[in-house]
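# Compute the structure for the input listed below.
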Amino acid sequence: MRQELLSLPKGLAEEVSKNLVMVARLIDEDPEQAYAYSRIALRLASRVAAVREAAGFAAYATQKYSEALAEFRAAKRMTGSVELWPVMADCERGLGRPERALAMAGEPEVQKLDKAGQVEMRLVAAGARRDQGQLEAAIVTLQSPELASSSVQPWTARLRYAYADALLAAGREDEAREWFGKTLEADKDGATDASDRLAELDGVEFVDASVDLADVDAEGDLDVEDVIDDEDDDDEDDEDAAEIAAAERASDVAEYYDEDDEEYEPLEQSAADADVEDARQDSGRDKA
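Numbers count the residues shown, from 1 in each chain. As a prediction, the model looks like this:
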């Protein structure tokens, strides 16, 4: 990425870099805000592959799959790398086209992926099978040397979890319990909820301990009205954040597709963006 940014004028490179850093920092905890930063970087340097890739992941994190796919395709053409192939296939799933994802799983590009990429492609293909209601086929797809290996790799927990979840969906509860247990053994970072799934299978119920002590009165009873008021405040905060995000998106009238690819189509304007645009037009007419 650094080498790509060096091709830009110094001041521009610094500005793009700052926005990309914010994308990376926020993409997990606040994907909408990360998306807004990615759009700024994209306006500044759309011919930089790293920027297109970052914009793709930000769009993917906010479930804008058509836009994400367009950005990933652009990055792939710029670099010639196939490392984005699995996430591109998953975008096809997100767009309701599991058959395209499965077709991609059989393309020569898969053989060029490293081991992590091939495992990721296997996970996507299994998900596509499930999208089509083919549970047993999904289970078979996940059965692989990587699944059977006792060696723990970065992908091991996710692979075992997907297998356990598919087994459970197919009604094979005992096997699912075994594989959720194996997932837990490999999941040192808590990336999955395997422990919760095991507890559910064993009939263990968890009590919600998130009640604010401020909502408990002097006699130790829960003040329901205070809890409801707190929830209303949270809802208002969420609405404000959504309005801000919509306004930011509406300010950018760039097309979310690559004009060089005949398969790309412009995305339809979202309802939130349309509301903001209508409000702007009304304001302009009032001033006139």
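# Residue 24: which element?
Element membership for residue 24 (DSSP states H and E) is helix 10-26.
# Which strands and helices lie in contact with that helix?
Helices and strands touching helix 10-26, by 3 or more CB pairs under 8 Å, 6 or more residues apart in numbering; DSSP states H and E, are helix 2-5, helix 31-44, helix 49-61. C-betas here are computed from N, CA, C, even on glycine.
# Can you name the residues that contact the residue nearest to residue 38 when sequence neighbours are not counted?
Nearest residue to residue 38 in three dimensions, chain neighbours excluded: residue 58, at 3.8 Å (CB to CB, 6 or more residues apart in numbering). Listed by CB atoms under 8 Å, 6 or more residues apart in numbering, the contact set of residue 58 reads 23, 27, 31, 34-35, 37-38.
# can I get these in CSV with pLDDT?
What follows is these, written out as CSV (pLDDT from 0 to 100):
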residue, pLDDT
23, 97
27, 97
31, 97
34, 97
35, 97
37, 97
38, 97
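# quick one: which of the residues you listed is nearest residue 150?
Nearest to residue 150 among the contacts of residue 58: residue 27, at 32.7 Å, using CB to CB.
# top of the contacts of residue 58 by neighbour count?
residue 38 (30 neighbours; other CB atoms under 10 Å).
# Who are the contact partners of that residue?
19-20, 23, 51, 54-55, 57-59.
# which one of those is nearest residue 149?
Nearest to residue 149 among these is residue 57, at 28.5 Å by CB to CB.
# was I right about the closest one contacting residue 26?
No - Residue 57 is beyond contact range of residue 26, at 11.5 Å (criterion: CB atoms under 8 Å).
# More neighbours: which of these two?
Neighbours were counted for residue 57 and for residue 26 using other CB under 10 Å; residue 57 has more, 22 against 19.
# tell me the pLDDT at that one?
Per-residue confidence (pLDDT) for residue 57: 98.
# Measure how buried residue 93 is and give me the count.
20.
# Distance of it relative to residue 200?
Distance of residue 93 to residue 200, given as CB to CB, to the nearest Å: 26 Å.
# how far does stretch 102-113 stretch from start to finish?
The first and last residues of stretch 102-113 sit 16 Å apart, counting by CA to CA, to the nearest Å.
# Buried ones in that stretch, by neighbour count?
Buried residues in stretch 102-113, counted by 16 or more other CB atoms under 10 Å: 102, 104-105, 109-110, 113.
# Could you give the average pLDDT over it?
What stretch 102-113 shows for mean pLDDT is 97.
# what sits up against it?
82-83, 85-86, 88-89, 92, 117-118, 120-122, 124-125, 128-129.
# So which of those are in helices?
With DSSP state H as the criterion, helices contain 85-86, 88-89, 92, 117-118, 120-122, 124-125, 128-129 from among the contacts of stretch 102-113.
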